[in-house]
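*Asks:* Next one to model:
(one chain, ligands or ions: 1)
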Amino acid sequence: MTTDNSSLQLEKIVPQADDFLPLLGTDYVELYVGNAKQAAHYYQSAWGFQPLAYAGLETGLDDRVSYVLVQDKIRLVLTSPLKKGGDINRHIEAHGDGVKVVALWVDDATKSYKETTSRGAESYMEPKTVKDSNGEVVLSGIHTYGETVHIFVERKNYNGVFLPGYQAWNPEYKPESVGLKFIDHMVGNVGWNEMNKWCEFYAKVMGFAQLISFDDEDISTEYTALMSKVMSNGNGRIKFPINEPADGRKRSQIEEYIDFYNGAGVQHIALATDNIIETVTALKERGVEFLYVPESYYDTVLDRVGKIDEDLAPLKELGILIDRDDEGYLLQLFTKPVLDRPTMFFEIIQRKGAQSFGKGNFKALFEAIEREQEMRGTL
Ligand SMILES: [Fe+2]
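*Replies:* Below is the predicted model of the structure:
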């Protein structure tokens, strides 16, 4: 647990961004799930997350249980209800398993709340201090798209394992890490014509600036289309691309998501590695399923992206996609949805200089996604 942020340099790399909401990084991502115990086992066994903390009946809760898992800087919280009724059950009924909280690490959660709510954010949680024998944490929260929320976490006076109320969770079963390092970006899907509204929200309420824009000419195949803009905070540690559906001949993957999730929500979490070949090899061995990439993609890819450090053969074998921008290149690939509803998935990404998001791969990717949709009969 990192609690000392005094030495952190918050270097501004996105000059257009405002400074009123300094964000130190992603603190944790919380999913509301139907069966947290089994989900925790999945993220341990398939994804190499390590057990960190637990809260439930044994710690004095009577209505919910949460498991906290960690891999390097990535913290996942998996929460399930223990009783009928209540917000968590209602969330699961509406959305299936999905991301409820994108928690952001801040130096001052009270100021973060004031800066954002005074600019129009809807309050989710007024600033509150929670304590235990390891110190205190200040939490506050605001609503974002759909039923998703941001919680601001101020933990500079806390030395416990996660948050007050949690105890260390230390089971014997600890499969090895797969080398995932940090959250590179988290993508939100929003409804028709809502992309600009939510980009403006991140600009006005949180001081973010737009990095790159695509339009539906850029990202479309014969059947489906979307529009996407990438919003970033000033130091570039928090990047939130926002997608909306665009008109295509058939239902786009964004529409499919919105239909099954019953509204806007987190579409994918991109996890960074510094050795994508090793990471993806390990994930595949453990049963994680990735989107199929046609072999023909590799016939022409080097003409498009130029020279890369890696041999092409293992990239082709694993279905890893390659893209290049002015600053370098990146390697990425996408899992199939990790839930029964075709909603959330993960991206694995290794950046080798490139700061973009794989625009050149989108057409190849979408053609792959459409093959999957066709099999589900939802195209
Ligand atoms: Fe992505």
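
*Asks:* For the ion, what is the nearest residue in the stretch 151-300 of the chain?
*Replies:* Ala270 (4.4 Å; CB to the ion). Where you see a C-beta, it was placed from the backbone N, CA and C, and this is true even at glycine.

*Asks:* need the contact list for that residue.
*Replies:* By CB atoms under 8 Å, 6 or more residues apart in numbering, the contact set of Ala270 is 183-187, 332, 346-349.

*Asks:* and the helix or strand of the chain with the lowest mean pLDDT, what does it pack onto?
*Replies:* Least confident helix or strand, the chain: helix 362-376 with a mean of 74, by mean pLDDT, DSSP states H and E. Secondary-structure packing of helix 362-376 (3 or more CB pairs under 8 Å, 6 or more residues apart in numbering; DSSP states H and E): helix 253-261.

*Asks:* buried set for the helix or strand following the helix it packs on?
*Replies:* Counting by DSSP states H and E, the element after helix 253-261 in chain order, helix or strand, is strand 265-273. Going by neighbour count (16 or more other CB atoms under 10 Å), the buried part of strand 265-273 is 265-273.

*Asks:* And for stretch 119-129?
*Replies:* Here stretch 119-129 shows 119, 121, 124-125, 127 as buried, counting by 16+ other CB under 10 Å.

*Asks:* Out of these, list just those in strands.
*Replies:* Using DSSP state E, the members of the buried residues of stretch 119-129 that fall within strands are 124-125, 127.

*Asks:* Enumerate the beta-bridge partners assigned to Ser228.
*Replies:* Taking DSSP bridges as the rule, Ser228 bridges to Asn243.

*Asks:* Could you give the number of residues near it?
*Replies:* 24 (other CB atoms under 10 Å).

*Asks:* Please list the residues of the stretch 151-300 of the chain that sit near the ion.
*Replies:* The stretch 151-300 of the chain comes close to the ion at residues Ala270, as judged by CB under 5 Å from the ion.

*Asks:* now the helices: where do they sit in the stretch 151-300 of the chain?
*Replies:* Applying DSSP state H, counting those that start in this stretch to the stretch 151-300 of the chain gives helices spanning 195-206, 253-261, 276-285, 297-305.

*Asks:* now the first one, how far from the centre of its chain.
*Replies:* What that stands for is helix 195-206. Centre-to-centre, helix 195-206 and its host chain are 18 Å apart (CA atoms, centre = their mean, to the nearest Å).

*Asks:* do the third one as well
*Replies:* In this view, helix 276-285 has its centroid 19 Å away from the chain centroid, taken as CA atoms, centre = their mean.

*Asks:* Restricting to C-alpha, output stretch 253-272 in CSV.
*Replies:* Extracted in CSV, the C-alpha atoms of stretch 253-272 (Å, rounded to 0.1, in the frame of the first residue of the first chain):
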residue,chain,number,x,y,z
GLN,A,253,-20.9,-3.3,-30.1
ILE,A,254,-21.6,-0.1,-28.2
GLU,A,255,-25.4,-0.5,-28.6
GLU,A,256,-25.1,-4.1,-27.6
TYR,A,257,-23.3,-3.1,-24.5
ILE,A,258,-25.9,-0.3,-23.7
ASP,A,259,-28.7,-2.8,-24.3
PHE,A,260,-27.3,-5.5,-22.0
TYR,A,261,-25.9,-3.2,-19.4
ASN,A,262,-29.2,-1.2,-19.4
GLY,A,263,-27.3,2.1,-19.9
ALA,A,264,-23.9,3.7,-19.7
GLY,A,265,-21.1,2.0,-17.9
VAL,A,266,-17.4,0.9,-18.0
GLN,A,267,-16.8,-1.0,-21.2
HIS,A,268,-13.2,-2.0,-20.8
ILE,A,269,-10.2,-1.7,-18.4
ALA,A,270,-6.8,-1.5,-20.1
LEU,A,271,-4.1,-3.1,-18.0
ALA,A,272,-0.4,-2.4,-18.8
